[in-house]
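> here is a sequence with its predicted model. Questions after.
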Amino acid sequence: MRMWRRRPSPGRLVLWVLFLGALAISARRFAFGLGSVTHLSDRFPWGLWVAVDVLGGVALAAGGFTMAAAVYVLHNERYRPLVRPAVVTGFLGYVLVIAALLVDLGRPYRIWHPVIMWNPHSVMFEVAWCVLLYTLVLALEFGQMVLERLGRLTMLRLTRLAMPPLVVAGVILSMLHQSSLGTLFLIVPGKLHPLWYTPLLPVFFFVSALAVGPAMVLVESFLSSRALKRELELPLLRDLARISFVILSIYLGLKVTDLTARGAWTHALTPSVEGRLFAAELLLGVVIPLVLLATNGGPGASRHVLAATLVVLGVLLNRLNVAITGMLAGSHATYVPAWTEVVVTLGITSAGILAYLWVAEHLPVFPQRKHATL
Amino acid sequence: MAVRLNRRQFLQLAAAAGAGVTVLSAAPPVAARAGWATGTAAAAILIDIARCIGCRSCEAACKAYHNFPQGEARDLSPTAWTYVRTIALQSPRPHLNLGDGGAGRRTFKVQCMHCLTPACASACPVAALQKTPQGPVVYDASRCIGCRYCMVACPFQVPRFEWRSPLPRITKCNMCAERQQRRELPACVEACPVGALQFGLRPALLAEAARRISADPRYVPAIFGAEEAGGTSVLYISDVPFEELGFPVVVCEPLPAYTWRVLGKLPGIVLTLGALLTAVEALARRRNTLPPPGGAA
């Protein structure tokens, strides 16, 4: 394999070490239980893994469906060069979410149970089905690249016919469970802090996923252009930033309306941990990126990359706040992730980056030069 | 918040009591049998905090019946499906059974509340938790995937998890469902020496609770569980306000309703979105392939 021809870079070595560390910790978890590697408890059964690996991971994988929707549904050919990297991100993102679930679930070998053991009243049931079906859709989209790489052109042409309905199905599935991850928390009105508990939770989760999708594609394009020494498609990236700007503005408008309507601003202004982290989430993840994107920078993309990075971190902080910060007081619990939990999260992320780099080097993810000049 | 009954609600409850109460207070097991026979209503347990003397017989009986290690528990756990909590009172008041001897504290049994519309059962993606028509909320370990959403969802923080097991289960009180099927009382109820626990049909127990409250002014005019989380099959009455005893503040609406309001809209949303996106896709494709204006269509 080409990857082994040269020695791995120091950056990749660190990623490998984190990944192997996560594997070792997972092995301990499977031998001695979740209590042996986490600080989770009966009063606080969901922690870092659910907040970041699952809720955050699913949100950050949203680039796949937003780009696919732009190109295959809206037929906006401009974004075609970004579809494949976005689909790779989406597919790897979901595979990693499932990997994280396998570590976090008590009985991971029964992860398929929701397929035959139904409870349609359960939001988790709906999430399970959406993740399953959407991962299948992403796998089929991803499979196109594999078929192309293997030169199976007849098969490629046949499967391409199925793309529009597949993408429509994928977009619906994605919209559904991006919002459902917010719906999960509607059942805890007594536990989740009023700064985050609102009937609009599903809407907020969905809109923030829409905003972070293009932002994540932007960040990744930038990072992979560095890692793989490719040129950036600057005009496209600025467009992504513009889309993100529009959706973020809608998000901010909704957020302000919601907090005002519920009279929850007082909570945001009190000097509590919740208030501070809520302010951080809104300022760093929404307001500052909006200001950065609204004011015109130089010819480069650094301002857009910075704004997009802040949006990505803001969405991660939002998911952390909903699942952890906002739930602590109402659950009468204390929880700080164990270092082992942190390593597993870092290791899973590392595995994602390594896989992305490998795919980018071995599969036709990025357009040939002639297609790139639009 | 504890449900406060006004006088009219009291009278209504008391009126609704009828013959069932008389039978119940005379011989609980008989009334319970009537319930099993008809199956028209779910069984429930009434816990009278004013009567509880803190002897922990219920706790011991539960452990003995389920083969759990004996010893006093401080919290619910996989091997303590019920335990007796002790609360020191800020302002002592004489105990119904122990008089001034027990004035400084109150004790009461804690376990699964067996909600009428349980959040845990609604949350479980594989229906491992279910509310039986007979009353108990039961758990089927063979379905459980260990996602722990039930624990997040439960407003009373009852479900426990085997954190130290490689193949963990969710654990909680099952109201001795299998004993009930054999027409026996739950082990804890059977063990109570002072009648602080009573087993029977829920409407009858509500009436009995109202009767005790109206008969004795020392009782707080509230039945915890009458409306909490949409109503529970475990009911508490007390001579000390529930807030003072540290009972959780729980919304009165059934919790599954909060998520169901959204979930119920999904089929419509899916159909609308499907039609909309397909139409948009077709239109966009047509626009892209359309010849310039003036050309043949």
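Ah, there it is.
> what pLDDT does residue B:83 get?
pLDDT for residue B:83: 98.
> if you could redo that for residue A:224, that was the one I meant.
You'll see residue A:224 listed with a pLDDT of 82.
> next secondary structure after whichever strand or helix holds it?
Element membership for residue A:224, per DSSP states H and E: helix A:201-227. Moving toward the C-terminus from helix A:201-227, the next helix or strand (DSSP H and E) is helix A:234-262.
> between helix A:201-227 and that following helix, find me the angle.
Going by axes from the mean of the first three to the mean of the last three C-alpha atoms, to 10 degrees, helix A:234-262 is angled at 160 degrees with respect to helix A:201-227.
> and helix A:234-262, is it in reach of chain B?
No: for helix A:234-262, no contact with chain B is found by C-beta under 8 Å from any C-beta of the partner chain; the gap never falls below 14.9 Å. From N, CA and C alone the C-beta is placed, and that goes for glycine too.
> buried residues in the helix or strand following that helix?
Note on helix A:234-262: by DSSP H and E, the next helix or strand toward the C-terminus is helix A:265-269. In terms of neighbour count (16 or more other C-beta atoms under 10 Å in any protein chain shown), helix A:265-269 has its buried residues at A:267-268.
> which element follows helix A:265-269 toward the C-terminus?
Per DSSP H and E, the first helix or strand lying C-terminal to helix A:265-269 is helix A:273-282.
> re the thing from before, and the helix holding residue A:224, which residues are buried?
Result for helix A:201-227 [16+ other C-beta under 10 Å]: buried residues A:201-222, A:224-225, A:227.
> same deal with stretch B:127-147?
Of all the residues in stretch B:127-147, those buried under the rule 16+ other C-beta under 10 Å are B:127-132, B:134-139, B:143-147.
> so which of those reach chain A?
B:127-128, B:143-147.
> and those residues, which two are furthest apart?
Using C-beta to C-beta, those reach their maximum pairwise distance at B:127 and B:146, which is 14.5 Å.
> hey, which helix or strand in the chain has the poorest pLDDT?
Unless you meant another one, I'm taking chain A. Ranked by mean pLDDT, DSSP states H and E, the weakest helix or strand in chain A is helix A:369-372, scoring a mean of 42.
> looking at chain B here, not the other one
Least confident helix or strand of chain B, by mean pLDDT, DSSP H and E, is helix B:28-38 with a mean of 36.
> so what's residue B:197 up against?
Residues near residue B:197 by C-beta atoms under 8 Å, 6 or more residues apart in numbering or on different chains: B:45-48, B:58, B:109, B:188-189.
> quick check: next helix or strand after the least confident helix or strand of chain B?
strand B:43-48.
> ok, that following strand: who's next to it in the sheet?
Note on strand B:43-48: by DSSP bridges, its sheet partners are strand B:197-201 (antiparallel), strand B:234-237 (parallel).
> assign the closest residue to chain A within chain B to helix, strand or coil.
Nearest to chain A, among the residues of chain B, is residue B:146, at 1.8 Å (C-beta to the nearest C-beta). Under DSSP: H, G, I helix; E, B strand; the rest coil, residue B:146 falls in the coil class.
> please apply the same query to residue B:130.
Here residue B:130 is strand, with the state taken from three-state DSSP.
> got it, and residue B:70?
Secondary structure for residue B:70, judged by three-state DSSP, is coil.
> give me the number of residues near residue A:153?
As a burial measure, residue A:153 scores 10 neighbours (other C-beta atoms under 10 Å in any protein chain shown).
> measure how buried the closest residue to it other than its chain neighbours is and give me the count.
In space, residue A:153 comes closest to residue A:147 once its chain neighbours are excluded; the distance is 7.9 Å by C-beta to C-beta, 6 or more residues apart in numbering or on different chains. Neighbours of residue A:147 under the rule other C-beta under 10 Å: 18.
> residues in contact with residue A:147?
With C-beta under 8 Å, 6+ apart, residue A:147 has these contacts: A:153, A:155-156, A:159.
> from residue A:50, how far out is it?
From residue A:147 across to residue A:50, the span is 35 Å (C-beta to C-beta, to the nearest Å).
> residue ranges with poor pLDDT in the chain?
I'll assume chain A. For chain A, the stretches with pLDDT under 70 are A:1-7, A:297-299, A:367-374.
> hm, I was asking about chain B
Within chain B, the segments meeting pLDDT under 70 span B:1-41, B:291-297.
> just give me the longest helix of chain B.
When chain B is scanned for its longest helix (criterion: DSSP state H), the result is helix B:266-289.
> what sits up against it?
A:69, A:72-77, A:126, A:164-165, A:168, A:171-172, A:175-176.
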